[in-house]
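> No sequence on hand, only this structure:
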């Protein structure tokens, strides 16, 4: 069996640097619009990223930091509505073009498509948010499976989203390679038996990525070389020839 037969991408922080200057900004806009005196700083939002899912993040913040904030009953409905408004702000922000794909993302996806390789998305981000990024920079139709948001009950670091994608692709873990950016994402992928390449960012730099087969600062371009943080460097940018070497002696991590 050739490796990889499919590439599975996380979205936020992996395809683009959307967390700090995208989702965080949109959350704060939704809070202000709702009359809440909440504002997530860059540092605070980094800590909140340990909570998978936007609605879950809001609920956690309300319960732990702003427990004295009165929220209309039922709180789940209010939080869901707040999150929908946040997604609207996020979509408008993406439409401005201020958030671009990370280095090497388009190049790698283009190479994979040219070779007929299957592509999939596995993200805890809400489906409208994932689609907004894909529609602005790539094409949702390029991805055979787009697994997002509440499609599974447990979000990363639980492996459910990756198991869902594997079932939808009808492929074993040994046929797929994951591209992630965070420790929860890595935990989810490896628990599903998947080899994972980490493209760390400002928020995830320094996290524990020992289970990854490769850790780089980004995927790189011919004129923008990557830096290898963990693993063996095989070039100045990550491509499918490099990916193929990661399938040798397939085993956990």
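Sure thing, it's come through. Bear in mind the structure is a predicted one, so any value in this text is a computation, not a measurement.

> Can you name the helix or strand that the residue lying closest to residue 188 once chain neighbours are set aside falls in?
Distances taken as C-beta to C-beta, 6 or more residues apart in numbering place residue 156 nearest to residue 188, at 4.0 Å, with adjacent residues excluded. From N, CA and C alone the C-beta is placed, and that goes for glycine too. Counting by DSSP states H and E, there is no helix or strand that carries residue 156.

> show me where the stretch 151-253 of the chain has helices.
160-169, 183-191, 240-245 (DSSP state H, counting those that start in this stretch).

> Contact partners for the residue nearest to residue 188?
Residues near residue 156 by C-beta atoms under 8 Å, 6 or more residues apart in numbering: 52, 124, 182, 184-185, 187-188.

> nearest to residue 7, of these?
residue 185 (14.3 Å; C-beta to C-beta).

> Do you have the strands of the stretch 101-250 of the chain handy? List them.
Here the stretch 101-250 of the chain has its strands, by DSSP state E, counting those that start in this stretch, at 118-122, 145-147, 176-180, 195-199, 214-216, 228-230.

> ok, back up a step: closest to residue 115 among the contacts of residue 156?
Using C-beta to C-beta, those come closest to residue 115 at residue 185, 24.8 Å.

> hang on, that closest one packs against residue 9?
No. When contacts are counted by C-beta atoms under 8 Å, residue 185 is not listed as touching residue 9 (10.3 Å).

> shared neighbours of the two, which are they?
With C-beta under 8 Å, 6+ apart, residue 185 and residue 9 have common neighbours residue 178.

> Can you check which helix is longest in this structure?
The longest helix of the chain (DSSP state H) is helix 75-95.

> hmm, back to that, okay, residue 185 and residue 9: which has more neighbours?
Using other C-beta atoms under 10 Å as the criterion, residue 185 and residue 9 rank with residue 185 on top: 27 against 23.

> Which residue is the nearest non-sequential neighbour of residue 172?
Leaving aside its sequence neighbours, residue 172 sits nearest to residue 166 (C-beta to C-beta, 6+ apart; 7.2 Å).

> can you count the residues close to that neighbour?
Under the neighbour criterion other C-beta under 10 Å, residue 166 is assigned a count of 24.

> so what's it scoring on pLDDT?
At residue 166, the model reports a pLDDT of 98.

> tell me the domain boundaries of this structure?
Domain ranges of the chain: 6-17+100-245, 19-95, per automatic domain parsing.
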